[in-house]
Every structure is written in C-alpha cells, then in structure tokens.
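**Student:** I'd like to go over a predicted model; first the sequence, then the structure.
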Amino acid sequence: MNGRWYTNKWLAISLHVLFWALLFSFPYLLRPVMSNKTVAHDHVNFGGFYYLNFADNCMRAILFYANAYLFIPALIYKRKYGQYLLALLIVLGIMLLWDRFFFNLFVEGFSYKIINFFAFNVPFFFFIVIASAAFRIIRDRIEEDQRNKERETENLKTELSFLRSQVSPHFLFNIMNNMVSLARKKSDLLEPSLIRLSALLRYMLYETDEKVSLQKEIEYLQSYIELQRQRFGNNVKINTCIDAIENSYTIEPMLLIPFVENAFKHGTSFVSVSKIEGSDLVLYNLAEINIKLTTEHGILKFSVENRYDERSSETKDKTSGIGLANVKRRLNLLYQNQHTLHVEKNGGWFIVSLQLNLH
C-alpha cells in the first residue's frame, strides 16, 4: 500500500463499515460477562436491551453523518455557532424520545428513567459529535491538499508548455537562417539539411510531451550541431566530445539545446584575422565552441564553452538570454535539488557547466 492510502475510496468505506460493525456488536461481545452477573429474570429480558441498543446505534449513525455532512458544512463553516448548538440540542431531544420509544417497545419489566439516558447515552452523544467533526475536518483537509497539488501540477504543466513554446520559435528562427544562407550559396548541402531539419521538427512536435531517452536528446543535439557546422564551415571551430551512454536514462526534452544555441548565437561573431609572422601570412580563427557530454553513475555532466568579445556589450537581438533564462527555470521546476548549474566568464570564454542527476 502506498503513501496515498487515505485517498482510497473503498478503504475509507471499509473502515466505516468496520467501525459501525464493532459498535453494533459491542453488547453481544460482552454478553457472557453480563449474563453471569445478571439474575434469571433480567437474563430473560436481556434480548430487549439488545434491540434497544441496536436502535440507539442507528440513531448514533444518523447523528454521525448528519453532523459530518450537514451541520458542519452548513453551520460551522459559515460561523453559525448558535444555530449549530441548537441543532445538536434538537437532535439530543429526538434521541431521548427515540430511546424512550424503543425502551417501552422492547424492554419489559423495567420503568424508563431519563437519568439513565443522560448517564449512558449523552457520553456517546458527545463522542459521536467529536468523532464526526474530526472525520469531516480531516477529510476536508485531505481534499484541499489534493486540490492544491492538482493545481500545482496543472500550473507546472502550463508553465513548462509556455517555456517550451519560447524555446522552439527561437530555435526555428536560427535554423531557418541557416537554410536561407545555404539557399543563397546554392549549396548541395541544402537538401540533406532540410531532411535533418524535418527530423528535428518531428522530434520537437511529437516526442517532447514527456521525458525522452537521453540517447534521443543527444541525437537531436548532434543534428543541430551538424546543421550549424554546415552553416559556418571553417569559420567556426567546433569541438565536440560526447561519450557513449552507459544506461537507458531519460531526460526532460529540449533541456540541453539552449546552452548550445546560446554558444552559437554569441560565440560566432568573431572574424578570422590575418597576421604576418616572419615571412608567412598566418590566418587566426577566433570563433571556437567546445561541447562535452559524459555520464557516470547516473550523473550527466554537460559543458559548453564559447569565446566572446569582452570589449563588446552589444546585444544581438531582443531575444538574447531568453533560452538560458528558460532552461534555468525549467531546471528549477523539474530538477530542483537534482542539478547544479554554473555560468561564468573566464579569460575571454563564456562557460556553462551542468551536472544533472538522471536517477
């Protein structure tokens, strides 16, 4: 049985049935003890007390559920305390008449005394009222907690869908620029690039509603890198090191791509420069991106490095930084205590390091 046992409908019904079964059978369970202490005349009429107790327990059951499902929601929750006390007094009076009627009906040879009713039935009355009130309050608290969790879940799904919708257009914008560039060059790489883009779109549209295998996410990442490699050619030095996956891990989809996307967005603005060293003309390529991904004992280690111009404070467009902001938010939502993310600038390099617990 899991930790949500208290929400099981049939278990709750079973507990109610067990409680009332024990209460109704209580006099019969004590019968041998009471019979030994009862004179023969009393023993002959003891069956009447069984019937009387059964009738009183029926009224107690009515009181329990009337208090739990009628009086407390309609009066206590609406702060009508005076009316609630009046309702209990009316029920107590009805129970007195009920007890007297069935006493005269079933019990012979005894006279009815009101003091006996207050001595034996009033304690049960307060016990039933308190028990039903506790039942109702605990039940409502559990239902409220469930509603809050459901609202949190729905809000989380909505927020994640919104974050994904921000990531996807940004990605498509960059890739379509790649296609335009290849089309202008009339490159033979345009057709295979379109096929690869089609596969990426299929992945984004149909396989990102839930967690995906880490292998699929890596294939998506590699396809994106290849598209960028085709776009920039030798103008950008791209170093990738992606180790074989040690197990069939799963990961939140589209989680790693914003880091790579950001590196290409901000790390490819460098131009190649020429310098004369001695008698030779040397070409220096300043644009460089390093991508590394490994897994070890269920921990994913992912790093992306790109060169940046420390002298430039220009923002490339209005969407700059949206990808990183979104992925940070998604990490906090989905891997709150299961990840570490470091973003730093060091010696002309912009470095992002992520460690993620995949278990």
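**Tutor:** Structure's in. What do you need?

**Student:** for residue 69, what are its contacts?
**Tutor:** The contact partners of residue 69, by C-beta atoms under 8 Å, 6 or more residues apart in numbering, come to residue 136. From N, CA and C alone the C-beta is placed, and that goes for glycine too.

**Student:** SS state for it?
**Tutor:** Following DSSP: H, G, I helix; E, B strand; the rest coil, we place residue 69 in the helix state.

**Student:** quick one: it from residue 133, how far?
**Tutor:** 12 Å (C-beta to C-beta, to the nearest Å).

**Student:** go on, residue 139?
**Tutor:** On the measure of C-beta to C-beta, residue 139 and residue 133 end up 11 Å apart.

**Student:** overlap in contacts of these two?
**Tutor:** Residues touching both residue 139 and residue 133 by C-beta under 8 Å, 6+ apart: residue 68.

**Student:** residue nearest the centroid of this structure?
**Tutor:** residue 153 (4.7 Å; C-alpha atoms, centre = their mean).

**Student:** can you say which helix or strand has that one in it?
**Tutor:** Take DSSP states H and E as the rule and residue 153 turns out to sit in helix 122-185.

**Student:** so which elements touch that helix?
**Tutor:** Contact partners of helix 122-185 among helices and strands, from 3 or more C-beta pairs under 8 Å, 6 or more residues apart in numbering; DSSP states H and E: helix 46-66, helix 81-106, helix 190-206, helix 214-232, helix 257-266, helix 322-334.

**Student:** switch the cut-off to 6 Å
**Tutor:** Contacts defined by 3 or more C-beta pairs under 6 Å, 6 or more residues apart in numbering; DSSP states H and E place helix 122-185 against helix 46-66, helix 190-206, helix 214-232, helix 322-334.

**Student:** low-scoring stretches of the stretch 251-359 of the chain, by residue?
**Tutor:** 269-286, 310-323 (pLDDT under 70).

**Student:** now the strands for it?
**Tutor:** Along the stretch 251-359 of the chain, the stretches classed as strands by DSSP state E, counting those that start in this stretch are 273-277, 280-284, 288-296, 299-307, 339-346, 349-357.

**Student:** turn those strands into JSON lines, columns for mean neighbour count and distance to residue 328.
**Tutor:** Below are these laid out as JSON lines (neighbours: other C-beta atoms under 10 Å; distance: least, C-beta to C-beta, whole Å):
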{"stretch": "strand 273-277", "mean neighbour count": "8", "distance to residue 328": "34"}
{"stretch": "strand 280-284", "mean neighbour count": "9", "distance to residue 328": "34"}
{"stretch": "strand 288-296", "mean neighbour count": "18", "distance to residue 328": "19"}
{"stretch": "strand 299-307", "mean neighbour count": "20", "distance to residue 328": "14"}
{"stretch": "strand 339-346", "mean neighbour count": "12", "distance to residue 328": "7"}
{"stretch": "strand 349-357", "mean neighbour count": "17", "distance to residue 328": "10"}
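
**Student:** which one, of the ones you listed, ends up nearest to residue 123?
**Tutor:** strand 349-357 (56.1 Å; C-beta to C-beta).

**Student:** please save the CA atoms from the closest one in PDB.
**Tutor:** Taking Å, rounded to 0.1, in the frame of the first residue of the first chain, the C-alpha atoms of strand 349-357 are listed here in PDB:
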ATOM      1  CA  TRP A 349      35.500  32.300 -22.600                       C
ATOM      2  CA  PHE A 350      31.800  32.000 -21.700                       C
ATOM      3  CA  ILE A 351      31.500  28.700 -19.800                       C
ATOM      4  CA  VAL A 352      28.300  26.800 -18.900                       C
ATOM      5  CA  SER A 353      28.600  23.600 -16.800                       C
ATOM      6  CA  LEU A 354      25.700  21.400 -15.800                       C
ATOM      7  CA  GLN A 355      25.500  18.400 -13.600                       C
ATOM      8  CA  LEU A 356      22.200  16.500 -13.600                       C
ATOM      9  CA  ASN A 357      21.100  13.500 -11.500                       C
END
